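Participant: Quick one, fold the following:
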Amino acid sequence: MTKTNNRCRLVGINHVALTVDNIEEALSFYRKLFDFKLRGRTDKAAFIDMGDQFLAISEGPPQPPDKHRHFGLVVDDREQLRKQLEAMQIEILPTPGLDFIDPWGNRIQVVIYNEIQFTKTQSILQGMGFENLDKSDQALAELRAKDLIE
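Facilitator: Numbers count the residues shown, from 1 in each chain. Sure thing, here's the model as predicted:
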């Protein structure tokens with residue numbers, strides 16, 4: 001696709017930022033759910049590495065939970081995460097997929113890598129330690145319809 005006007009084009013998301021009231025508690029909570037490395041850390045912020053993207057967690061004033069504003073997090077195994085959320089007694093919202101609200105009111109919608117268009121290069125996946133994350137036929141068809149793959 002070539003640029004056809006004088007506006008810039010969206011390329012992707014570098015990071016998503018969440019506000020929590022305590023960095024240590026937030027890192028402890030998220031470590032129970034996900035296997036991750038920190039990209040960086042300060043007194044008031046932590047940066048969870050997701051290959052070529054990251055999740056920024058920063059201390060700030062508490063916010064009430066929001067039932068609509070959310071971000072989508074991509075995982076390799078949604079059912080494993082569901083079991084962990086249930087074991088931790090974290091409320092799972094009644095949606096067709098997997099949505100939950102963390103202890104700081106951040107709504108997180110969880111999607112599985114092979115079912116969506118979002119794609120990382122094979123070299124990035126390998127660098128992240130993933131050997132086999134194939135796309136579903138539907139996800140491949142969506143990518144082909146947009147001429148993003150052959």
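Participant: Phi, psi for Thr19 please.
Facilitator: Phi and psi for Thr19, reported as degrees, to the nearest 10, are phi -100, psi 130.
Participant: Setting aside sequence neighbours, what's the nearest residue to it?
Facilitator: Nearest-residue entry for Thr19: Gly60, 3.9 Å, with adjacent residues in sequence omitted and distances by C-beta to C-beta, 6 or more residues apart in numbering. Just so you know, the C-beta spots here come from the backbone N, C-alpha and C atoms, and that holds for glycine as well.
Participant: show me what contacts the one you found?
Facilitator: 19-21 (C-beta atoms under 8 Å, 6 or more residues apart in numbering).
Participant: So which of the residues you listed wins on neighbours?
Facilitator: Compared across the contacts of Gly60, Val20 has the highest neighbour count, 24 neighbours, by other C-beta atoms under 10 Å.
Participant: Quick check: that residue touching Pro61?
Facilitator: No - using C-beta atoms under 8 Å, Val20 is not in contact with Pro61; the gap is 10.4 Å.
Participant: looking at this, Glu142 is in a strand?
Facilitator: No - looking at Glu142 with DSSP: H, G, I helix; E, B strand; the rest coil, it is helix, so not inside a strand.
Participant: do you know how far the nearest residue to it once chain neighbours are set aside is from Thr95?
Facilitator: Distance criterion C-beta to C-beta, 6+ apart; nearest residue to Glu142, sequence neighbours excluded, is Gln117 at 5.0 Å. Gln117 sits 19 Å away from Thr95, going by C-beta to C-beta, to the nearest Å.
Participant: Between the two, tell me which one has more neighbours.
Facilitator: Shown here are Gln117 and Thr95; by other C-beta under 10 Å, Gln117 has more neighbours (15 against 10).
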